[in-house]
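In: Here is my input, please return the structure:
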Amino acid sequence: MATIKQTLDEIMTLDGALCVAVVDSSSGMMLGSTGSGVDLEVAAAGNTEVVRAKLKTMRALGLNDIIEDILITLGKQYHLIRPSSRKEGVFVYAVLDKARSNLAMARRKLQDTEKELSF
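Out: Numbers count the residues shown, from 1 in each chain. You can find the predicted model right below:
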């Protein structure tokens with residue numbers, strides 16, 4: 001099991017990692033964060049709305065499934081949102097430099113580290 005800080009530090013070892021946060025989607029507040037390049041307070045609140053909207057849409061469609069991750073591709077960055085499989089209402093949010101990162105490796109790292117995250 002890993003603490004929030006250990007999880008954040010491990011994700012920041014990814015090539016191109018700019019910043020990462022663990023967010024409580026019930027409040028939009030960060031439980032921990034590190035890095036720079038994005039206003040993480042604003043991003044945490046905004047991405048909480050993204051997660052809520054996707055869950056609402058899934059319910060409306062009658063989809064009996066889970067969100068593995070949400071990818072937002074910008075011109076210069078990848079924004080990854082990975083809901084926690086261990087604690088409902090929490091997600092990991094990572095921002096990566098698109099030119100320096102490997103999206104497949106980043107998704108895998110978030111999957112692996114999120115499974116080890118303890119609260």
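In: going forward, measure contacts between C-alpha atoms and count neighbours the same way
Out: Fine.
In: Let me know whether residue 84 touches residue 115 as I believe.
Out: Yes: under the criterion of CA atoms under 8 Å, residue 84 makes contact with residue 115 at 7.4 Å.
In: neighbour-wise, which of the two wins?
Out: Applying other CA atoms under 10 Å to residue 84 and residue 115 shows that residue 84 carries more neighbours, namely 23 against 15.
In: Pull the contacting residues for the more buried one.
Out: 90-92, 114-115 (CA atoms under 8 Å, 6 or more residues apart in numbering).
In: What's the mean pLDDT across stretch 24-38?
Out: Per-residue pLDDT values over stretch 24-38 give a mean of 93.
In: Tell me which residues are up against it.
Out: So stretch 24-38 is contacted by 4-5, 8-9, 12, 18-23, 40-41, 44-46, 48, 51-52, 89-91, 95 (CA under 8 Å, 6+ apart).
In: ChimeraX command for the buried members of those?
Out: To isolate in ChimeraX the members of the contacts of stretch 24-38 that are buried, counting by 16 or more other CA atoms under 10 Å, one can use:
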select :4,5,8,9,12,18,19,20,21,22,23,40,44,45,48,51,89,90,91,95
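In: Narrow the contacts of stretch 24-38 to those in strands?
Out: Among the contacts of stretch 24-38, the residues falling in strands (DSSP state E) are 18-23, 90-91, 95.
In: Export those residues to JSON lines and append columns for distance to residue 63.
Out: Putting the ones in strands among the contacts of stretch 24-38 into JSON lines (distance: CA to CA, whole Å) gives the following:
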{"residue": "18", "distance to residue 63": "33"}
{"residue": "19", "distance to residue 63": "32"}
{"residue": "20", "distance to residue 63": "29"}
{"residue": "21", "distance to residue 63": "28"}
{"residue": "22", "distance to residue 63": "26"}
{"residue": "23", "distance to residue 63": "24"}
{"residue": "90", "distance to residue 63": "20"}
{"residue": "91", "distance to residue 63": "20"}
{"residue": "95", "distance to residue 63": "28"}
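In: what two of those have the greatest distance between them?
Out: Farthest apart among the ones in strands among the contacts of stretch 24-38 by CA to CA are 18 and 90. That separation is 20.3 Å.
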